[in-house]
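Novice: below is the sequence, then the predicted model.
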Amino acid sequence: MTSNHSPRSRQCVAVLGGSFDPVHNGHVALAKYFVTLLAPDELRVIPAGNPWQKHGLEASPEQRVEMVKRAFSQQNVPLVIDRQEIERKTATYTIDTLQALRAELGPQASIVFLMGADQLQHLNTWQGWDRLFDYAHLGVASRPGFAMDASQVPAEVRREFTRRAAPPEQIRQSAHGLTYLARNLAVDISATEIRAALHNAKRPDTLVPAAVLDYIEQHHLYKN
Ligand SMILES: Nc1ncnc2c1ncn2[C@@H]1O[C@H](COP(=O)(O)OP(=O)(O)OP(=O)(O)O)[C@@H](O)[C@H]1O
Ligand SMILES: O=C(O)c1ccc[n+]([C@@H]2O[C@H](COP(=O)([O-])O)[C@@H](O)[C@H]2O)c1
């Protein structure tokens, strides 16, 4: 007997949100890691509109969108750059974004929101953080300088991650509510360091994709 419900019949969308000021090789590595792990049907990249925990961005929303397009164009997965957070004029809350994505993609889709360990360390400060699991799975990757153990991750976040931990196949085969911690990513790059390099007239050509650096130089971004 054949089944219409093979594991591959469920749509899986990996979602990477970020300020991307600018996008860099750490973001690309994070996305690549989870694309390889989950084989999603789509990588959706969502530049933040008003990231309320940051103190102002240097590049404009349009410039960040252009850089993100260039950075992810070579990925081996259909790419969608989603402008919803830029177009929403209120503070950027991931819970709002995931609610909108769930409404768009339907109840069956496996939605996996990706982040680095720095965000895991204060996930409990996000708006409605414990409701994120009602809409998506969370996939977190390690990042140099940001431990993922009890020394740095709040107990309530650890508790949720432990009880929801699941292997990639299970995440691929269910809609939301599970977690995955990837402990072997180690890309020591931050947008802060790239902005600082550019402000000091250095060329961070090992830290950002070449097409992004071209864009930065052509548009004279991150100059004093
Ligand atoms: N090197 C990295 N390794 C793993 N995850 C990363 C890395 N850099 C960024 N991320 C993750 O990508 C998402 C977007 O990050 P963001 O755009 O804020 O970059 P950033 O380098 O952390 O920026 P900034 O230095 O300005 O704070 C976040 O979930 C963050 O944890
Ligand atoms: O929802 C929140 O309250 C919230 C608080 C901090 C960060 N986020 C999201 O986390 C993602 C990474 O944020 P950042 O600041 O590292 O660029 C991005 O999509 C942000 O909108 C979300």
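Specialist: Everything's here; your move. Numbers count the residues shown, from 1 in each chain. Ligands and ions are numbered 1, 2, ... in the order given.

Novice: can you pull the poorly scored residue ranges out of the protein?
Specialist: 1-8 (pLDDT under 70).

Novice: rerun that using 50 as the cut-off
Specialist: For the chain, applying pLDDT under 50 flags the ranges 1-5, 7.

Novice: now the phi/psi pair for the residue of it found nearest ligand 2, please.
Specialist: Per CB to the nearest ligand atom, Gly17 is where the chain lies closest to ligand 2, at 2.2 Å. Glycine gets a C-beta too; all of them are placed from N, C-alpha and C. In terms of degrees, to the nearest 10, the main-chain angles of Gly17 are phi -100, psi 150.

Novice: check contacts around it.
Specialist: Counting by CB atoms under 8 Å, 6 or more residues apart in numbering, Gly17 makes contact with 45-48, 85, 94, 97, 113, 115.

Novice: apply 7 Å and report the result again.
Specialist: 46, 48, 94, 97 (CB atoms under 7 Å, 6 or more residues apart in numbering).

Novice: quick one: contacts for Leu43?
Specialist: Leu43 touches 14, 31, 35, 72, 75, 77, 79, counting by CB under 7 Å, 6+ apart.

Novice: now do 10 Å
Specialist: Neighbouring residues of Leu43 by CB atoms under 10 Å, 6 or more residues apart in numbering: 13-16, 31-32, 34-35, 72, 75-81, 114.

Novice: doesn't it belong to a helix?
Specialist: No - assigned with DSSP: H, G, I helix; E, B strand; the rest coil, Leu43 falls outside any helix and is strand.

Novice: I'd like to know how many residues surround the closest residue to it other than its chain neighbours.
Specialist: Spatially, and ignoring its direct neighbours in sequence, Leu43 is nearest to Val77 (4.8 Å; CB to CB, 6 or more residues apart in numbering). Using other CB atoms under 10 Å, Val77 has 17 other residues around it.
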